[in-house]
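> sequence and predicted structure below; questions after.
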Amino acid sequence: MWLLLAGVVLLVCAADATPVGGRPVPDFGKMYHVKGLLSLPYAEIKEPFEAWYDLKGNRSRIDYYHGTVCTFFIGNDLDYGATYKITPVTTETEFNTMKCFQLNGTKKDPILPQSALPDLQGFEFEKMEYYAGNLCEVWKNVTQVGHKKNTYRLWVTRPEGNDSPATPHHYEMMGFNTLLGSHYDKYLIDYSDFSPQIDSDIFKLPGGLTCGDFPGPGLEHHLLANPIQDLVHTSPVGHAHRLFGHFKEKYERQYENEKEHEEREHNFVHNIRYVHSMNRAGLSFSLSVNHLADRSQEELAMMRGLKRTHVHRKAQPFPSEVRSIATPDSIDWRLYGAVTPVKDQAVCGSCWSFASTGTLEGALFLKTGQLTSLSQQMLVDCTWGFGNNGCDGGEEWRAFEWIMKHGGISTAESYGGYMGMNGLCHYNKSSMVAKLSGYTNVTSGDTVALKAAIFKFGPAAVSIDAAHRSFAFYSNGVYYEPACKNGTDDLDHAVLAVGYGIMDNEPYWLVKNSWSTYWGNDGYILMSMKDNNCGVATDATYVTLA
């Protein structure tokens, strides 16, 4: 039904406009071309787009990120029209391969041309105001459903005394939630280069592509096929909001009260908008909506529990002779049985304990040929005296110092299961394994040295800058985040480097996270080696068993 409502936007405007307060409702004509910049402050998005609209021809096209992703709405195709999306796809086996996805209309929901301009039904003239140097009419619409009050405004200019179409300049939505007492949504669109002329060839699909079905659940198809639709209609409930129900069912979410439900839905909507927008940007990696999609940025920060200090460590220096050893182009210690299954640290800043046990498990495997799961909970509970703070953060080297003093670490089986919270320290020295003689810091920033260390000594504990929404929703491909930092003080999350390799000429580190198999590619991420992005090689450590 939303496709139908959005598609008739300009049917309303193109008809004889009904005057409101003595002024006719702006009419943008039956055909136009326009460029725009979509800003979603809460989702940290600024996304350029370009649109072509042809009501008479029953078709439209909207491109995103300068043509990286192209969407076509052809109402005359098949029985009820079809939507096509041309997009780059990156997986573990292909890199930015252009593919076509198709969504066919139905009798109930035929495909109609999608406008990049809002439906002005219900809008009223508010005032005259300058915007970007232009004296504009400001048109306003206010809707309220439940606790959500949405205010929409559109700034337009139009020639006096002739029949030329109005020109859009700016569109703004502000959503206020009376239950939360705060703004829950905001988005802005700046329009430019508006013209009533278009070239009909613009609606021809690129040749050589076979179009397949959209991936993901059925409701998500509409968001993928028609991203702008939820932002130009004036309903408080769009496809992103409806997908929240699917998310709750998939991950078995139950919230304490209505207020928490509203907050979680707020987080989800902005996270899913971010994920879909980034996937339209043609990056070297893809994002997906995962189990973290209802978390706030503050909650995600709690999971990055690396506590950085400048205390002198007793680590051994990296041996120069190891750096010069011949290393293969790639290695994956999972294939040799040196890596335990991915675990979930839950809402506990204990990432450092998982990185610590990960490198210990690898070293123990290389020594004994047996893979043994070691206890993160023991490190959370017992290493406070060495400066770690349990679920409130810690550092791997402090865990190693504790293990060296106490003669080893318990297995996960003998100590008891991981709880995702601080617990009472307990252990039996007779059941301790993995006695340490020392630990070594790999030369900071030295990619060659880290590759040699992983090849010779097994998985290494590494620290990274993970304070980016793109990391939280990584799915596949080689992750490169331009905003990532690599200084020692910028690193806020501990993970395990279990290998390295090259994908489509992009060297990467194979990194194991501790956010469950729902995150990333079954719990793993390929992190770019370029410019030591996110600091993988800044602070790496491996252990030596006694």
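Structure received.

> so where is this protein shaky, pLDDT-wise?
1-21, 92, 161-163, 177-184, 215-224, 233-239, 308, 310-312 (pLDDT under 70).

> which residues in it form helices?
In the chain, the segments counted as helices under DSSP state H are 2-7, 9-14, 218-225, 229-232, 239-250, 258-279, 297-302, 320-323, 351-368, 376-382, 396-406, 412-415, 447-457, 469-472.

> just list the residues touching the residue nearest in space to the middle of the chain, thanks.
The centre of the chain sits closest to Phe473, judged by CA atoms, centre = their mean, with a distance of 3.6 Å. Contact analysis of Phe473 by CB atoms under 8 Å, 6 or more residues apart in numbering lists 271, 274-275, 278, 287-290, 292-293. (Glycine included, C-beta is placed from N, CA and C.)

> if I look at it, how far off is Trp519?
9 Å (CB to CB, to the nearest Å).

> overlap in contacts of those two?
Common neighbours of Phe473 and Trp519, using CB under 8 Å, 6+ apart, are 290, 292.

> which ones are touching Lys456?
With contacts defined as CB under 8 Å, 6+ apart, the neighbours of Lys456 are 322, 325.

> check the one 4 residues further on too.
Applying CB under 8 Å, 6+ apart, one finds that Ala460 lies in contact with 359, 442, 450, 453-454, 496-497, 540-542.

> show me the one of the helices of the chain that comes nearest Ile331.
helix 447-457 (5.6 Å; CB to CB).

> run a quick neighbour tally on the closest residue in space to Pro328 that isn't next to it in sequence.
Setting aside the residues directly before and after it, Pro328 is nearest to Phe455 in space (CB to CB, 6 or more residues apart in numbering), at 6.9 Å. Residues near Phe455, counting by other CB atoms under 10 Å, number 18.

> ditto for Glu260
12.

> next, the angle helix 258-279 makes with the biggest strand by length in the chain.
Assignment by DSSP state E gives strand 182-195 as the longest strand of the chain. Angle, strand 182-195 to helix 258-279, by axes from the mean of the first three to the mean of the last three CA atoms, to 10 degrees: 30 degrees.

> please save the CA atoms from strand 182-195 in CSV.
Written as CSV, here are the backbone C-alpha positions of strand 182-195 (Å, rounded to 0.1, in the frame of the first residue of the first chain):
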residue,chain,number,x,y,z
SER,A,182,12.8,14.1,23.2
HIS,A,183,13.2,14.2,19.4
TYR,A,184,13.2,10.7,18.1
ASP,A,185,13.7,11.5,14.4
LYS,A,186,15.0,14.1,12.1
TYR,A,187,15.9,14.2,8.5
LEU,A,188,16.6,17.0,6.0
ILE,A,189,16.8,17.1,2.2
ASP,A,190,18.4,19.9,0.3
TYR,A,191,17.3,20.0,-3.4
SER,A,192,19.2,21.5,-6.3
ASP,A,193,19.2,21.6,-10.1
PHE,A,194,15.5,21.2,-10.5
SER,A,195,14.3,21.0,-14.1
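
> closest to Leu300 among the contacts of Ala460?
Leu496 (19.4 Å).

> how about that closest one, nearest residue that isn't a chain neighbour?
Using CB to CB, 6+ apart and skipping the chain neighbours, the partner closest in space to Leu496 is Gly358 (3.6 Å).

> hang on, the one you found packs against Lys512?
Yes - counting by CB atoms under 8 Å, Gly358 touches Lys512, with 6.4 Å between them.

> common neighbours of those two, please.
Common contact partners of Gly358 and Lys512 (CB under 8 Å, 6+ apart): 339, 459, 496, 498.

> what's the burial count for the second one?
Read it as Pro459. Using other CB under 10 Å, Pro459 has 29 other residues around it.

> which one's more surrounded, Gly358 and Lys512?
Gly358 (29 against 25).

> OK, contacts around that one?
339-340, 459, 461, 496, 498, 512.

> quick one: which two of these are the most distant?
Among the contacts of Gly358, the pair separated by the greatest distance (CB to CB) is Thr340 and Ala461, at 13.9 Å.

> pick out whichever of those two has more residues nearby.
Each of Thr340 and Ala461 had its neighbours counted (other CB under 10 Å), and the higher figure belongs to Ala461 (29 against 21).

> ok, the more buried one to Ala453 distance?
For Ala461 relative to Ala453 (CB to CB), the value is 11 Å.

> where do the contact lists of the two overlap?
Between them, Ala461 and Ala453 share these contacting residues under CB under 8 Å, 6+ apart: 540, 542.
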